[in-house]
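Student: Curious how this folds, go ahead:
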Amino acid sequence: MEHRAKRSLGQNFLVDANICRKIVAALEIDASSSVLEIGPGKGAISGHILDASPASYLAIEKDTDLARELRLSHPHADVRAMDALEFPWESLDDPALRIAGNLPYNVGSRLIWDIVSRTTKYERAVFMVQYEVAQRLTAAPGSKTYGALGVWVQSFSIPRLLFKVPPTVFRPQPKVDSAVVVLFPQKLDKRPRDPEALSGLLRLCFQQRRKQLGNILKSQLNDALTAWLEEQGIGLKLRPEALTPVQLQELSTRIVTDCEAL
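Tutor: Next up is the predicted model:
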């Protein structure tokens, strides 16, 4: 398929068949699986997915030219020409669903943020992302790459970095390495009780990540919250990256509870 990559859409087309096969293998597709592919582009992964004979296949492609070409090359596929950022992820209702995609660098983090938090109805998601993003998604507390994105994604899913991918497998070649990650949905009882409160706390904390919690939470601190922090073993001199996703979830809920009690 002749198609010039559009920089505005962050297009870097995957051209290595071996990498495509590894991505599809990680999806573990069987006859009962449904597959949703984000940004199929020229269909490098799509063909391998369809060769695995899933029960259904849906592709979301923002580039209308590529969406049309994909319909022509795979006439039985369901192809929607739309922006994945506008897809109603809450509408997904298939626990056997696999989600896949070579995500554009410019929207990959935002897409993953939305997908994991807005649906639990998928079996796994396998994404190609910038290597730096993969590190942030899977970072442990205390590490340099641990931040708001990792806390959020790990609160709603279980991410794993599968393998690193060099720039040479893309056309045009990006200037950075990529990586493939797999995400499994977090159990319902381990997901945040108040996602909005968690999002607000992460924004507050990690925009000031070099400050101590006592300074960051100065306006929220009261006797009850201070006592709770002490009970949890969370010192006011700690920095945000020292707290686990669960601790940050509980802290966000506690702050909201204290505010509602006033």
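Student: before we move on, what SS does Ile19 have?
Tutor: At Ile19 the chain is in helix, as set by DSSP: H, G, I helix; E, B strand; the rest coil.
Student: OK, contacts around the closest residue in space to it that isn't next to it in sequence?
Tutor: Nearest residue to Ile19, sequence neighbours excluded (Cβ to Cβ, 6 or more residues apart in numbering): Val169, at 5.2 Å. Where you see a C-beta, it was placed from the backbone N, CA and C, and this is true even at glycine. When contacts are counted by Cβ atoms under 8 Å, 6 or more residues apart in numbering, Val169 is found next to 14-16, 19.
Student: Which helix or strand contains Gln135?
Tutor: helix 131-137 (DSSP states H and E).
Student: Can you give me the buried ones in that helix?
Tutor: 131, 133-137 (16 or more other Cβ atoms under 10 Å).
Student: what's the following helix or strand past it packed up against?
Tutor: In the C-terminal direction, the helix or strand that comes right after helix 131-137 (DSSP H and E) is helix 148-156. In terms of contacts (3 or more Cβ pairs under 8 Å, 6 or more residues apart in numbering; DSSP states H and E), helix 148-156 is packed against helix 108-118, helix 131-137, helix 195-206, helix 245-261.
Student: packing partners for the shortest one?
Tutor: Read it as helix 131-137. Checking 3+ Cβ pairs under 8 Å, 6+ apart, helix 131-137 ends up next to helix 108-118, helix 148-156, strand 157-165, strand 178-185.
Student: Hmm, Ser199 is touching Val151, no?
Tutor: No: the pair Ser199 / Val151 is not scored as a contact, 10.0 Å apart, by Cβ atoms under 8 Å.
Student: Neighbour count for the two, which is higher?
Tutor: Neighbour totals were compared for Ser199 and Val151, and Val151 leads with 27 against 17 (other Cβ atoms under 10 Å).
Student: who touches the more buried one in this structure?
Tutor: 198, 202, 206, 245, 248.
Student: With adjacent residues omitted, what lies nearest to it?
Tutor: Pro245 (4.8 Å).
Student: Low-confidence stretches in this structure?
Tutor: Segments of the chain classed as low confidence (criterion: pLDDT under 70) are 1-11, 259-262.
Student: if I pick the closest residue to Ser199 other than its chain neighbours, what's in contact with it?
Tutor: Take Ser199 and drop its neighbours on the chain: the residue closest to it by Cβ to Cβ, 6+ apart is Trp152, 7.2 Å away. Trp152 makes contacts with 113, 116-117, 198-199, 202, as judged by Cβ under 8 Å, 6+ apart.
Student: Could you tell me which of those residues count as buried?
Tutor: With burial judged by 16+ other Cβ under 10 Å, the buried subset of the contacts of Trp152 is 113, 116-117, 198-199, 202.
Student: May I see these organised as CSV, with distance to Ser219 added?
Tutor: Shown next, in CSV, are the buried ones among the contacts of Trp152 (distance: Cβ to Cβ, whole Å):
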residue, distance to Ser219
Trp113, 26
Val116, 30
Ser117, 26
Leu198, 18
Ser199, 18
Leu202, 17
